[in-house]
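Chemist: What shape does this take:
(chains A and B)
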Amino acid sequence: QQQVKQSPQSLIVQKGGISIINCAYENTAFDYFPWYQQFPGKGPALLIAIRPDVSEKKEGRFTISFNKSAKQFSLHIMDSQPGDSATYFCAASPYGQNFVFGPGTRLSVLP
Amino acid sequence: ETGVTQSPTHLIKTRGQQVTLRCSSQSGHNTVSWYQQALGQGPQFIFQYYREEENGRGNFPPRFSGLQFPNYSSELNVNALELDDSALYLCASSPRGGHEQFFGPGTRLTVL
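Modeler: Okay, the predicted model is just below:
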């Protein structure tokens, strides 16, 4: 019940394309859903996050879509750039406590 | 504003040894969480400290222990190291009551 599933495991997108990563959870106690970007040898960096009281949040080229009834959420990266090539992790947190992370998606954006 | 810092950057130990990793939280943050990230996997929650007390623990054995100091910095101690303890250890800080967690660069531990 604590697991967060994430797909795809890897993703290759052409420059300018849309990258879409999906996550699903089961624990209804989760109330905070962040996305992190991690470059090799670095710690995860917070990209964008959403609470379950909204269905979508947009910050620049990054958008989270949230479906509370389906217990699913996704990250959309518009106009993907080679600099976006990294590993992306979704996570979920019950009441601001410990994060449960998905297994990650390795994104490669081709020039 | 200084972000989360961790030391050392890299560490090599042998099986059975003990290790201490250190973390300084971001200015104004009083809660520190530790995560273990094995190669190719997502971070796994070890424990969280708030006001120098453990405030939640993941599925890790007692040989993983921690401390938080009055200035909110923190230590992670691992006793009787095993080969499977080889991983990137991440520290994250957050303001109490805030949902965001901000991660440091991590300490890469290799156990031989």
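
Chemist: Just after the helix or strand harbouring residue B:90, pick out the following helix or strand.
Modeler: Here residue B:90 is covered by strand B:87-94, with elements defined by DSSP states H and E. From strand B:87-94 onward toward the C-terminus, using DSSP H and E, the following helix or strand is strand B:102-103.

Chemist: Around the residue in chain A that chain B sits nearest to, count how many other residues there are.
Modeler: Distance from chain B to each residue of chain A (C-beta to the nearest C-beta) is smallest for residue A:101, at 3.4 Å. For the C-beta atoms, the positions are set from N, CA and C on the backbone; glycine is no exception. Look at residue A:101: counted by other C-beta atoms under 10 Å in any protein chain shown, it has 24 neighbours.

Chemist: Give the full set of residues in contact with it.
Modeler: A:4, A:36, A:89, A:90, A:91, B:35, B:42, B:43, B:44 (C-beta atoms under 8 Å, 6 or more residues apart in numbering or on different chains).

Chemist: Type out the ChimeraX command that picks the buried ones from these.
Modeler: This is the ChimeraX syntax for the buried subset of the contacts of residue A:101, where burial follows 16 or more other C-beta atoms under 10 Å in any protein chain shown:
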select /A:4,36,89,90,91 /B:35,42,43,44
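
Chemist: just the contacts of residue A:101 now: which is nearest residue A:47?
Modeler: residue A:36 (6.3 Å; C-beta to C-beta).

Chemist: residue contacts, that closest one?
Modeler: A:44, A:45, A:46, A:47, A:88, A:89, A:90, A:91, A:101, B:103.

Chemist: Do me a favour and get the end-to-end distance for stretch B:79-90?
Modeler: End-to-end distance for stretch B:79-90, by C-alpha to C-alpha, to the nearest Å: 18 Å.

Chemist: and residue 109, what element?
Modeler: Using chain A. Going by DSSP H and E, residue A:109 is in strand A:105-110.

Chemist: think we crossed wires, I meant chain B
Modeler: strand B:107-111.

Chemist: Let me see the backbone angles for residue B:23.
Modeler: phi -150, psi 130 (degrees, to the nearest 10).

Chemist: Which residue, neighbours along the chain excluded, lies closest to it?
Modeler: residue B:91 (3.4 Å; C-beta to C-beta, 6 or more residues apart in numbering or on different chains).

Chemist: For residue 5, grab the count of nearby residues.
Modeler: Looking at chain A here, since you left the chain open. By the measure other C-beta under 10 Å, the count of residues near residue A:5 is 13.

Chemist: The intended chain is chain B.
Modeler: Counted by other C-beta under 10 Å, the residues lying close to residue B:5 total 14.
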